[in-house]
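1. fold the following for me, if possible:
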Amino acid sequence: MKINKIITLYKPVYAENLRLAMPIVVSQLGHTLVHLADSVIVGHFAGTVQLAAVSLVNSLFMLILVLGLGIAYGLTPLIARENGKRNYEECGKLLANSLMINIATGLLLYILVHFGTLAIIDHIGQSPDVVAYAKPYLGYLSFSILPLMVFQTFKQFTEGLGFTKQAMYISIWGNLINIILGIVFVKGMFGITPMGVKGVGLSTLIDRLLMATVMTFYVVRTPHFKPYLHRFRTRICDKVRISRIIKIGAPVALQYAFEISAFSGAAILIGTIGTTEQAAHQIAINLAAITYMMASGIASAATIKTGNNLGRGDINKLMLQAMASYHVVLMFMGITALIFIFANPLLPYIYTEDIEVVKVASRLLIIAGFFQLFDGTQVVGLGILRGMGDVNIPTIITFAAYWGIGIPVGYILGILLHLGADGIWYGLTLGLLSASVMLYMRFRRSSSLYSAAPLTLN
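-> A predicted model of the protein is given here:
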């Protein structure tokens with residue numbers, strides 16, 4: 001196929017996908033920017049030990065948080081598919097069931113963090129000074145899970161319908177409030193006693209309470225959603241719809257958990273090497289998480305479009321938009337890879353002025369630059385397959401890639417062969433590469449089951 005034919009074929013699809021994806025990208029960034037803001041504020045105003053505490057807590061907390069985010073995500077492809085069929089009443093019923101599931105999940109995750117993670121944090125080989133700062137920060141974050149799950153319920157509902165800008169605006173304002181309050185609490189401004197790292201935990205809790213309240217009122221009060229909310233009643237929760245949501249949400253939660261837990265496991269391994277290396281890991285993983293969440297926004301748009309097209313039975317358009325999503329994420333992650341590689345001596349100074357931490361973080365950013373492409377393509381592959389309802393085999397693939405390949409190789413290189421934090425990150429890179437390749441092969445196989453027709457413009 002000639003290059004001009006490819007451009008003619010895909011150009012309108014790129015534009016359509018990007019219009020949907022960009023607000024989701026900004027909204028998805030909200031979760032990461034909360035932790036980035038925490039890291040920057042603590043790194044500059046509270047020091048390296050408390051920055052290491054942020055690294056430890058984020059590694060542990062994100063593993064719990066993504067379980068909730070994954071369960072909430074089960075609503076989006078179902079809403080997209082039912083909306084494609086113009087089955088508005090079913091959308092409202094699915095929303096009611098999802099809200100009940102997510103509230104219950106939020107309560108369970110709070111219990112898991114408060115009575116589980118806080119109990120074991122003393123026994124995972126971390127510096128006592130780091131653990132002492134980590135506990136109160138983790139305590140505040142545990143309370144924030146419930147309002148975040150309420151926010152996610154309505155966010156996934158509106159995004160499934162193609163309304164992506166509203167959650168973006170709420171996330172932007174929420175993050176600004178989080179940053180302002182974080183600085184005030186950590187530094188102790190306006191007569192407030194300096195709170196150190198626990199101050200950013202409190203600001204995050206307040207931010208998520210506000211976001212949940214605003215998002216709920218937006219959906220309930222906006223006239224456009226009235227046809228969908230006509231049958232929105234919590235008492236109509238039933239086993240069939242709960243099962244439909246969990247059959248997608250639970251595997252998605254596991255997919256998130258396998259990847260995030262691999263990075264959390266890497267953080268714990270690096271924490272046994274030293275505080276400097278742990279703080280450097282936090283900087284590098286924070287920056288890589290920003291680009292990942294942006295790629296995740298592209299993947300979420302791919303899920304919505306795939307679900308819409310599948311609901312309409314338009315397999316030709318499904319294939320076009322799926323491949324366009326791969327093209328877009330490759331271009332975007334290629335740019336971020338170049339930024340990481342060529343700006344690696346400067347980026348760590350966003351977080352800290354500790355020269356030793358900057359040296360280690362700079363090396364890790366070079367490695368992060370190389371795994372950008374693999375990270376982007378694997379998350380888009382997952383997004384497309386979720387839209388198709390194909391979630392079980394991809395879950396096995398993510399486990400094999402991250403825990404069968406990534407962490408074992410990282411342990412061998414980093415700990416046994418004494419390559420340190422660099423070696424552990426080499427293992428993570430290999431895990432991402434493996435996931436990317438296997439998920440693309442799965443997508444090609446799954447799509448061939450629907451249609452073997454050539455791609456054409458409608």
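
2. name the residues of stretch 163-174 that are buried.
-> Residues of stretch 163-174 classed as buried: 163-164, 166-168, 170-171, 174 (neighbour count, 16 or more other Cβ atoms under 10 Å). Where you see a C-beta, it was placed from the backbone N, CA and C, and this is true even at glycine.

3. do the same with stretch 96-114
-> Quick answer for stretch 96-114 (16+ other Cβ under 10 Å): 96-102, 105-106, 109-110, 113.

4. pLDDT on it, on average?
-> The pLDDT scores in stretch 96-114 average 86.

5. any idea how far residue 96 is from residue 228?
-> Counting by Cβ to Cβ, to the nearest Å, the gap from residue 96 to residue 228 is 11 Å.

6. also residue 74?
-> 17 Å.

7. ok, residue 174 to residue 215 distance?
-> 10 Å.

8. same check on residue 327?
-> 32 Å.

9. higher neighbour count, those two?
-> Under the criterion of other Cβ atoms under 10 Å, the comparison of residue 327 against residue 215 puts residue 215 first, with 24 against 15.

10. now do the contacts for residue 161.
-> Neighbouring residues of residue 161 by Cβ atoms under 8 Å, 6 or more residues apart in numbering: 79-80, 83, 91, 225, 228.

11. how about 7 Å then?
-> By Cβ atoms under 7 Å, 6 or more residues apart in numbering, residue 161 lies in contact with 79, 83.

12. check what pLDDT the spatially most central residue of the chain gets.
-> By Cα atoms, centre = their mean, the chain has its centre lying nearest to residue 293, at 5.2 Å. If you check residue 293, the pLDDT there is 78.

13. which helix or strand contains it?
-> Element membership for residue 293 (DSSP states H and E) is helix 275-312.

14. buried ones in the helix or strand following that helix?
-> Next along the chain after helix 275-312, taking DSSP H and E as the criterion, comes helix 315-342. Across helix 315-342, burial judged by 16+ other Cβ under 10 Å covers 315-326, 328-330, 332-333, 336-337, 340.

15. now the helix or strand that helix 315-342 is followed by: buried residues?
-> Next along the chain after helix 315-342, taking DSSP H and E as the criterion, comes helix 355-387. Neighbour-count burial for helix 355-387, counted by 16+ other Cβ under 10 Å, picks out 357-358, 360-387.

16. who does helix 355-387 touch, helix- and strand-wise?
-> Using 3 or more Cβ pairs under 7 Å, 6 or more residues apart in numbering; DSSP states H and E as the contact test, the elements touching helix 355-387 are helix 239-271, helix 275-312, helix 315-342, helix 420-450.

17. nearest to residue 53, of these?
-> Among those, the nearest to residue 53 by Cβ to Cβ is helix 275-312 (9.4 Å).

18. quick one: the closest one to helix 355-387, angle?
-> 20 degrees (axes from the mean of the first three to the mean of the last three Cα atoms, to 10 degrees).

19. got the angle between helix 275-312 and helix 420-450?
-> 10 degrees.

20. taking helix 315-342 as reference, get the angle to helix 275-312.
-> Using the same axes, to 10 degrees: helix 275-312 against helix 315-342 is 160 degrees.

21. and helix 275-312, what does it pack against?
-> Against helix 275-312 (3+ Cβ pairs under 7 Å, 6+ apart) you get helix 3-45, helix 48-73, helix 75-84, helix 145-160, helix 239-271, helix 315-342, helix 355-387, helix 420-450.

22. following the chain onward from the third one, which element is next?
-> Spelled out, that is helix 75-84. Per DSSP H and E, the first helix or strand lying C-terminal to helix 75-84 is helix 88-112.

23. and that next one, how far out from the chain middle?
-> Put simply, helix 88-112 sits 19 Å off its chain's centre (Cα atoms, centre = their mean, to the nearest Å).

24. on contacts alone, who are the packing partners of that helix?
-> Using 3+ Cβ pairs under 7 Å, 6+ apart, helix 88-112 sits against helix 48-73, helix 75-84, helix 145-160, helix 226-229, helix 239-271.

25. quick one: residue 57 and residue 290, what's the gap?
-> 18 Å.
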